[in-house]
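J.: here's a sequence, model it:
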Amino acid sequence: MTDDEIAKKLFLVLREMRCLVVLDDIWRINTWNILEIAFPNAETESTILLTTRNQAVATLPNRNAFLHKLQPLNENESWNLLEKKAISERADIDLGILTKKRELGMKMLRHCKGLPLAIIVLAGVLGRKNTIREWERVYVNVHEYISKGIGHEQEYEGVSQVLTLSYDDLPRSYLLETTKTWFGETMEDIARDCLSELVEKCLVQVGTSGSTGTIKTCRIHDLVRDMCLLKAKEESFLQINYSLQENEAANPFTSSTAAKAAQLGKIRRLAIYLDENADRLVSSRDETNGHVRSLSFFGLREWKPKSEKVLLSPLKDFKVLRVLKVEGLYKVEVELPSEIGNMVHLSYIDMVIPNVIKKMKQLRHLYLPLNYTTKDNLELSTLGHLQTLYNISSEYCDLRDVGRLTNLRKLRIRLSRSLQNLEEILKSTGNMLNRIRSLILDNKMNSGEEQAMQIVSSCWHIYKLELIGPIAELPKEFHNYPNLTKLVLVECVLKEDQMGILEKLPNLTTLRLGYNTFHENTKILVFSKGGFPSLQFLYVSSMNQITELRVEEGAMPSLCRLRITYCRGLMTLPDGLSYLTNLRKLTITGMPRELHHRIQEDGEDFYKIQHIPSLVIGEPYDDYDEYDAMMAR
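T.: Numbers count the residues shown, from 1 in each chain. Next comes the predicted model:
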């Protein structure tokens, strides 16, 4: 649908139903002016809750509007929040020490002005400080930051001061440890530790987590971002250029954007957001870009360059570039300069590249486009530091080269043609594939099942495995894989008896069963007693031939999250859901309308799910022909 069609449909839904719509953090009047056409102003029982820090947005003329201005926390509320974050979860604490900490804490809280963000960040600073002396040192520093601030408007002065304090409280090892490896740790390992510490200090918020507790995505508060950008500018760490509609006359995206920005303070890291007025990514003029270490481009998904051949030709000026990211460029056919092969310091590339990467011996992470092709073989044997290799194909890559990459941990490979003497190749590399920890194998050949399983059998230390394409039978020794915790199966067309192999995986915590995982003759999916002993997350999606899910008592005893989507043949949920006493969240969406009716509160199957604390029931799906066409694409 177009934006207008979406707005019209939303308008009708809100007018005919009783809905609560939450729009969080609207900054500008213009933003609301764009959105308001989707919301009825009268003749509706729906309600909009809009949050903003701009009073002009909150007081827009509207006869149905009610303005609630949030009040800062009072003295006791502020202390309770600080204590909860910085003290309460500790072991028993001496009453005298607690009294002294409360005294110091109350003094510091005066500078937070009752703002929860400031209090939480202050708690992050204090959380790892056990002694009264350490708390006193923080208290002294709070006074110092009160005197200088970081230039924000008065309303957020307390937040700004505490954020600066928290920033300067970070250990200097953050800067030192990311330039070396020690005790066998890679820079990536150290970076993960630093990220975890930033989360503990409440400077970074976790967005989503992986099944093993790893941080997948994260975010920061906009005031934290403001502080980071200010510090980046002060220390010439990062330059961000982007275009705003209000400033079109002074559009920064001319052909010399990158070079001009790079010259400002000798910025080492450039992030550039392009709009439709840009004619290329970097300048073709004779500016010096020799000091830039990181170059990232965004906003290219809808961008069409005027001249594709010269699009990136000036990249040769960035001689010490370590990171190159061009988001969305996979839609454009680009001829890159051969000089890019001279960028020997590159350690991360996320874009289309020619066959010159063999010179980039420091390369650590290489993400090729999903359907990347090349006329010549891609030479990889010289990339001894490579840890991540995504979307290579057997059509242009020698598996011997992959086997020689002793630091490789993540691999996504597409089998597009048969590999000759695969068994000998695997033996000749000394089973180096055994070092792989995450494997995504996309079998594009109808006759490639045996070779796919040979590769899987050579990676028996993997933690994560994703199999795409026809694989009728899993390796017989599959249940002996000691570390396998996450498994994704799509279009495998497995035999029905393969469920017996899957349920014996002792450490499997996450299982995703996708489109055509099992053969079309498999109508009933049985989770038998004692099966999947460690499984916590189960996702079943687009398995159209399945008409029944059967859960026996004693199956999946650890399951805490279940998601079922777009299974057109499934008209009811299994009775055995009542056996899953640890199940905390059930998500149902895109299922036949009949099933959705049966699991409503007044439906005949609601008793099967009423014990589950969190139920997320989405919209039913009617047009499965359209869905089939989408899946075929």
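J.: quick check, residue 460 in contact with residue 434.
T.: Yes. In this structure, residue 460 is within contact of residue 434 by C-beta atoms under 8 Å, at 6.7 Å. The way it works is simple: take the backbone N, C-alpha and C, and place the C-beta from them, glycine included.
J.: which residue is nearest the centroid of the chain?
T.: The centroid of the chain falls nearest to residue 217 when counting by C-alpha atoms, centre = their mean (3.7 Å).
J.: helix, strand or coil for that one?
T.: Here residue 217 is recorded as strand under DSSP: H, G, I helix; E, B strand; the rest coil.
J.: assign the closest residue to it other than its chain neighbours to helix, strand or coil.
T.: Nearest residue to residue 217, sequence neighbours excluded (C-beta to C-beta, 6 or more residues apart in numbering): residue 207, at 3.6 Å. What three-state DSSP gives for residue 207 is strand.
J.: tell me who's in contact with residue 207.
T.: Neighbouring residues of residue 207 by C-beta atoms under 8 Å, 6 or more residues apart in numbering: 215-219.
J.: buried stuff in stretch 68-77?
T.: Using 16 or more other C-beta atoms under 10 Å as the test for burial, stretch 68-77 gives residue 73.
J.: contacts for it?
T.: 81, 106, 109, 113-116, 119.
J.: ok so, going back, buried ones among the contacts of residue 207?
T.: By 16+ other C-beta under 10 Å, the contacts of residue 207 give residue 215 as buried.
J.: for residue 52, which non-adjacent residue is spatially closest?
T.: By the measure of C-beta to C-beta, 6+ apart, the closest residue to residue 52 outside its immediate chain neighbours is residue 26, 4.7 Å from it.
J.: what's around that neighbour, how many residues?
T.: 16 (other C-beta atoms under 10 Å).
J.: got the domain ranges for the chain?
T.: Domain assignment of the chain by the TED database yields the ranges 3-59, 79-149+156-171+187-235, 514-632.
J.: measure how far the first one is from the centre of its chain, please.
T.: The chain centroid and the centroid of domain 3-59 are separated by 28 Å, computed with C-alpha atoms, centre = their mean, to the nearest Å.
J.: now it: average pLDDT?
T.: Averaging pLDDT along domain 3-59 gives 85.
J.: give me the below-cutoff pLDDT ranges for the stretch 51-200 of the chain.
T.: Scanning the stretch 51-200 of the chain for pLDDT under 70 picks out the ranges 61-63, 88-93, 143-159, 171-186.
J.: quick one on the thing from earlier: quick one: which of the contacts of residue 207 is nearest residue 66?
T.: Closest approach to residue 66 among these (C-beta to C-beta): residue 219, at 29.4 Å.
J.: ok, now how distant is the closest one from residue 225?
T.: Using C-beta to C-beta, to the nearest Å, residue 219 is found at 9 Å from residue 225.
J.: if we can go back for a sec, and the gap between the residue nearest to the centre of the chain and residue 106?
T.: For residue 217 relative to residue 106 (C-beta to C-beta), the value is 36 Å.
J.: end-to-end on stretch 106-126?
T.: End-to-end distance for stretch 106-126, by C-alpha to C-alpha, to the nearest Å: 13 Å.
J.: show me what stretch 215-228 is in contact with.
T.: For stretch 215-228, the surrounding residues in contact (C-beta under 8 Å, 6+ apart) are 25, 117, 121, 150, 152, 156, 159-160, 163-164, 167, 192, 195-196, 199, 203-210.
J.: same thing but at 7 Å, please
T.: Stretch 215-228 has contacts (C-beta atoms under 7 Å, 6 or more residues apart in numbering) with 117, 150, 156, 159-160, 163-164, 167, 195, 203-210.
J.: and the end-to-end length of it?
T.: For stretch 215-228, the first-to-last residue distance is 21 Å (C-alpha to C-alpha).
J.: so for it, mean pLDDT?
T.: Here the average pLDDT along stretch 215-228 is 84.
J.: distance between that stretch and the chain's centre?
T.: Centroid displacement of stretch 215-228 relative to its chain, using C-alpha atoms, centre = their mean, is 14 Å.
J.: residue 453: neighbour count?
T.: For residue 453, using other C-beta under 10 Å, the count is 20.
J.: next, it: phi, psi?
T.: phi -70, psi -30 (degrees, to the nearest 10).
J.: which SS class is the nearest residue in space to it that is not next to it in sequence?
T.: Counting by C-beta to C-beta, 6+ apart, residue 475 is the residue found nearest to residue 453 once chain neighbours are left out, at 5.5 Å. Here residue 475 is coil, with the state taken from three-state DSSP.
J.: contacts only, for residue 475.
T.: So residue 475 contacts 453, 456-457 (C-beta under 7 Å, 6+ apart).
J.: and if you look at residue 619?
T.: Residue 619 makes contact with residue 589 under the criterion C-beta under 7 Å, 6+ apart.
J.: 108 is where my numbering starts, stick with that
T.: In the new numbering, first residue 108, that becomes residue 726.
J.: re earlier: so which of the contacts of stretch 322-335 are in helices?
T.: Among the contacts of stretch 322-335, the members found in helices (DSSP state H) are 224, 266-267, 270-271, 274, 302.
J.: between the contacts of residue 582, which sits nearest residue 629?
T.: Nearest to residue 629, judged by C-beta to C-beta, of the contacts of residue 582 is residue 560 at 19.8 Å.
J.: related to what we said a few turns ago, show the pLDDT at the residue nearest to residue 324.
T.: 88.
J.: same check, this time on residue 732
T.: So residue 732 comes in at 66 (pLDDT).
J.: quick one: low-confidence ranges for the stretch 508-657 of the chain?
T.: Ranges of the stretch 508-657 of the chain meeting pLDDT under 70: 527-528, 530-531, 535-538, 554.
J.: how close does the residue sitting furthest away from the middle of the chain get to residue 210?
T.: For the chain, the largest distance from the centre (C-alpha atoms, centre = their mean) belongs to residue 203, which lies 44.7 Å off. Distance from residue 203 to residue 210, counting by C-beta to C-beta: 11 Å.
J.: now do the same end-to-end measure for stretch 213-232.
T.: 15 Å.
J.: element containing residue 179?
T.: Under the criterion DSSP states H and E, no helix or strand holds residue 179.
J.: from residue 124, how far out is it?
T.: Distance, residue 179 to residue 124, using C-beta to C-beta: 36 Å.
J.: buried residues in stretch 652-660?
T.: Within stretch 652-660, the residues scored as buried using 16+ other C-beta under 10 Å are 653, 656, 658.
J.: export the residues you listed to CSV and tack on distance to residue 614?
T.: Formatted as CSV, those follow (distance: C-beta to C-beta, whole Å):
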residue, distance to residue 614
653, 26
656, 23
658, 21
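J.: in strands, which of those fall?
T.: Those of those mapping onto strands are 656, 658, per DSSP state E.
J.: what's the closest of the buried residues of stretch 652-660 to residue 477?
T.: Taking C-beta to C-beta as the measure, residue 477 lies nearest residue 653 of the buried residues of stretch 652-660, at 28.0 Å.
J.: is the closest one in contact with residue 627, as I believe?
T.: No. The pair residue 653 / residue 627 is not scored as a contact, 10.1 Å apart, by C-beta atoms under 7 Å.
J.: can you pull out the helices in the stretch 558-707 of the chain?
T.: Counting by DSSP state H, counting those that start in this stretch, the stretch 558-707 of the chain has helices at residues 606-609, 700-705.
J.: for residue 698, give me its contacts.
T.: Neighbouring residues of residue 698 by C-beta under 7 Å, 6+ apart: 671, 674, 677, 727-728.
J.: not counting its neighbours along the chain, what's nearest residue 191?
T.: In space, and not counting its chain neighbours, residue 191 is closest to residue 230: 7.9 Å by C-beta to C-beta, 6+ apart.
J.: check the spacing between that neighbour and residue 672 real quick.
T.: Per C-beta to C-beta, residue 230 is found 39 Å from residue 672.
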